[in-house]
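# give me a 3D structure for the following:
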Amino acid sequence: ATTSCRPNWRDGLKDYQPGANLNILFQLAEATSDSETNQEKVHWHYLDNNTWKPLRTGFEVLQDGTFNLTTTGIIKYALPENITLENTVMPPALHWIKAAVAKNSKSVSEIISLYTQAISATFIKGDKNDTSRLNTPLEPESISKLLVADPAIKTVSQPFESYGGRLPEMEGSYYVRVSELLRHKGRAIQKWDYERLVLEKFPQIFKAKCINHSFHTDAHKYKNDIPVAPGYIILALIPDLIKMNAGNSYEPKVPVSVLEKVKDYFKKINSPFVRLEAANPRYEQVDFCITVRLNKEMDKNFYKEKLKTDLREFLAPWAVGKYEKLSFGQPVYRSDIIGFMEQTGYVDFVRGLGMTHEKDRADLAYNPYAVAKVVPVSPRSILIAGTVDVLIDEDACEQWCQITKDKVDCAGPEPVSAYCTEKNDNVIMV
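Coordinates of the predicted model:
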């Protein structure tokens, strides 16, 4: 049994023998941990006669493979023998353990599932093993038995796919790596060095951008990082969506555990006077207010929602598999949005388009319809669609101007200039 109430998480163990070691696999949604906030230490407890008592790291908590519940891994416990079965503060007939953080509960990842009696299996290179498949994860339940049977083990299960595989180095990759090594010599000095070194060391990273003289700030509190900070470096990273589950497909993020490993790696090869912060991109939202006329016989409700979805995918093509278009600092042009909508096949023409960056939402004097382009605020920012409001314009008569002797009735789109004017009691079309 598992209960969760942030910042506490509790797990009830059934059929556990006190004093025995226990291995629990925590399958986590790794990208759900907030990389912008300070990381917090997870404190473990066990329930003894209705009293929560601490489990000490290195003693009762032998090994934490989850790095404070930020990545999928196995935690090994040596629970004390005085853990009690009958308690009144929690459901009886279970042995209870608890995880807690003092603050910043979003710094830990969300839990998908738990499995006891867990171990990790590592691929061993050999003549009978095919190394060409290492780039593709092993599907769940591919492993169902031991190579050498053990009567003490009843069943073997592989609930999730494998991870961390990497193809043997090919000849072309070898020459690229050696050429880069001859330039940076294994030391991080220039921006180019940081970017190439992190991509080589961490294959799960798709793209890196080194921003020098910049101090990292919390994206939830500040609109921009501090751009003038000598001695500070921000290394913005984008995950490889093929090799890593990055959570929200529109806002892919590198797990906190990987960011920490990147920082530890560069501590060994860069200057001791450099303060480096590995960070995820800032995803800045752009709101749209759109008025369009659909082609004839198009369902308004359906294509209204479809236009919203298509626009989000247009601004975030990596969400539908076009990973190469995921990059930093790209502005959004008004002309590109209009051109995209006119090529959808169901939009006849665009009557109005307003764009608002999230930082301008509270500005009452801001005119979204006069914006030619929206530019990201910080060098590590990526623009995505925020709120998209679509108004379907009503069908007008086939002829824009119905002319009578005394009046002109224009029921069509708003003209750029006056299509119908009156002069000397006559109607002149210009």
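
# pLDDT weak spots in this structure?
Applying pLDDT under 70 to the chain flags the ranges 1-7, 246-247, 395-430.

# middle-most residue in it, spatially?
Pro252 (2.6 Å; CA atoms, centre = their mean).

# contact partners for it?
31, 238-239, 241, 246, 318, 326 (CB atoms under 8 Å, 6 or more residues apart in numbering). Any C-beta I mention is one placed from the backbone N, CA and C, and that applies to glycine too.

# one more time with 7 Å, if that's ok
If you count contacts by CB atoms under 7 Å, 6 or more residues apart in numbering, Pro252 has them with 238-239, 241, 246, 318.

# just these: which are in strands?
238-239 (DSSP state E).

# list just the nearest of the contacts of Pro252 to Leu79.
Nearest to Leu79 among the contacts of Pro252 is Ala246, at 34.5 Å by CB to CB.

# who wins for neighbours among the contacts of Pro252?
Highest neighbour count within the contacts of Pro252, by other CB atoms under 10 Å: Pro239, with 25 neighbours.

# please name the bridge partners of that residue.
Assessed by DSSP bridges, Pro239 has beta-bridge partners Ile205.

# that one reaches Gln204, doesn't it?
Yes. Under the criterion of CB atoms under 7 Å, Pro239 makes contact with Gln204 at 6.3 Å.

# which residues does Thr88 contact?
By CB under 7 Å, 6+ apart, Thr88 lies in contact with Asn50.

# sec struct for it, please.
coil (DSSP: H, G, I helix; E, B strand; the rest coil).

# from Val286, how far out is it?
Plainly put, Thr88 is 54 Å away from Val286 if you go by CB to CB, to the nearest Å.

# do the same with Gly345
Gly345 is 24 Å from Val286, by CB to CB.

# for this protein, what's the longest helix?
helix 300-315 (DSSP state H).

# mind giving me the packing neighbours of that helix?
Contact here means 3 or more CB pairs under 7 Å, 6 or more residues apart in numbering; DSSP states H and E; on that basis helix 300-315 packs against strand 282-294, strand 381-392.

# returning to what we had before: more neighbours, Gly345 and Val286?
Val286 (24 against 8).

# put the alpha carbons of stretch 330-337 into CSV.
Taking Å, rounded to 0.1, in the frame of the first residue of the first chain, the C-alpha atoms of stretch 330-337 are listed here in CSV:
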residue,chain,number,x,y,z
GLN,A,330,14.4,31.4,-32.2
PRO,A,331,11.9,34.3,-32.6
VAL,A,332,8.3,33.9,-33.8
TYR,A,333,7.4,36.0,-36.9
ARG,A,334,3.9,37.2,-37.6
SER,A,335,4.4,36.4,-41.3
ASP,A,336,5.4,32.8,-40.6
ILE,A,337,2.2,32.3,-38.5
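
# tell me which residues of it are tucked away?
332, 334, 337 (16 or more other CB atoms under 10 Å).

# do stretch 56-72 as well
Counting neighbours by 16+ other CB under 10 Å, stretch 56-72 gives 60-61, 64-72 as buried.

# just stretch 297-314 next, same as before
298, 303-304, 307-308, 310-314.

# next: stretch 111-123.
Residues of stretch 111-123 classed as buried: 111, 118 (neighbour count, 16+ other CB under 10 Å).

# same check, this time on stretch 187-195
By 16+ other CB under 10 Å, the buried positions in stretch 187-195 come out as 188, 193-195.

# contacts only, for Ile373.
Slight slip there: residue 373 is Lys, not Ile. Applying CB under 7 Å, 6+ apart to Lys373 gives the contacts 331-334.

# export those to a markdown table and tack on distance to Glu110 and secondary structure?
Shown next, in a markdown table, are those (distance: CB to CB, whole Å; DSSP: H, G, I helix; E, B strand; the rest coil):
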| residue | distance to Glu110 | secondary structure |
| --- | --- | --- |
| Pro331 | 33 | coil |
| Val332 | 31 | strand |
| Tyr333 | 37 | strand |
| Arg334 | 38 | helix |
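
# of those residues, closest to Pro18?
Using CB to CB, the contacts of Lys373 come closest to Pro18 at Val332, 60.1 Å.

# okay, now the nearest residue to that closest one once chain neighbours are set aside: neighbour count?
Of all residues not flanking Val332 in the chain, Val374 sits nearest, at 4.6 Å (CB to CB, 6 or more residues apart in numbering). Neighbourhood size, Val374 [other CB under 10 Å]: 22.

# can I assume Val374 is in contact with Tyr333?
No. Using CB under 7 Å, Val374 is not in contact with Tyr333, being 8.3 Å away.

# how far off centre is the longest helix of the chain?
In terms of CA atoms, centre = their mean, to the nearest Å, the centre of helix 300-315 is found 22 Å from the chain centre.

# before we move on, back to that, so of the buried residues of stretch 187-195, which ones are in helices?
Using DSSP H, the subset of these located in helices is 193-195.

# out of the residues you listed, which is nearest to Asn212?
Tyr194 (8.9 Å).

# ok, that closest one - contacts?
The neighbours of Tyr194, taking CB under 7 Å, 6+ apart as the test, are 188, 210, 235.

# can you check Glu81 too?
18-19.

# many thanks, I have nothing further to ask.
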